[in-house]
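**Student:** sequence below, structure please.
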Amino acid sequence: MKKQENSFTSFLPFGSPNPKIIIIGTAPGGKSLECQKYYADPTNCFWEMIASIYNNGKPIKDEDKEKILVKNGIALWDIYENGKRAGSADKNIENEVVRDIENYLSEHPNIEKIVFNGQKASDVYKKLNISGPNTFVANSTSGNNTHLNKAEKIAEWAKYL
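**Tutor:** Below is the predicted model of the structure:
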């Protein structure tokens, strides 16, 4: 039986209003949409990674997540504005609308680098053929990504942030 396809709308940028680094994912997963928060799924190690790199490994409370991103010049965004998807896997995204990344970059000239949270967002960005800051593709922090374990993902991300 095929999973039910649900519409999604991605979130506004989150974090620094004047970022040096932008982390771009594909689209919010089911748990994130339900909670209306970036990387809300407990199997996603994104916030644990941020805590490891910027908070001496101490967990970050929900109310402090934006503060730590602002302090470190980081903004979060997704490559897709909206679309449809069955479940949370990127491969199931259909009818997607790509965000105006070029405009965002022109409005935020201090961005020095883009770090993609997974290959899919990077692939979409490359097709846009935008002349912009340096880009890096990190392994997805999603729990669905089993190519690396959590510690390996965090170590890899530390090289890019």
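
**Student:** which stretches of this structure form helices?
**Tutor:** Using DSSP state H, the helices of the chain run over 30-35, 46-54, 62-71, 101-107, 119-128, 150-160.

**Student:** could I get the contacting residues of Q36?
**Tutor:** By C-beta atoms under 8 Å, 6 or more residues apart in numbering, the contact set of Q36 is F11. Glycine gets a C-beta too; all of them are placed from N, C-alpha and C.

**Student:** what's the neighbour count on G57?
**Tutor:** 10 (other C-beta atoms under 10 Å).

**Student:** name the nearest residue to it, sequence neighbours excluded.
**Tutor:** A51 (6.0 Å; C-beta to C-beta, 6 or more residues apart in numbering).

**Student:** give me the neighbour count for that neighbour.
**Tutor:** A51 sits with 19 neighbouring residues when counted by other C-beta under 10 Å.

**Student:** and it, how far from I111?
**Tutor:** Separation of A51 from I111 (C-beta to C-beta, to the nearest Å): 23 Å.

**Student:** just S16 next, same as before
**Tutor:** 10 Å.

**Student:** spatially central residue in this structure, please.
**Tutor:** By C-alpha atoms, centre = their mean, the mean C-alpha position of the chain lies nearest to G25, the distance being 3.1 Å.

**Student:** pLDDT score for it?
**Tutor:** Per-residue pLDDT puts G25 at 96.
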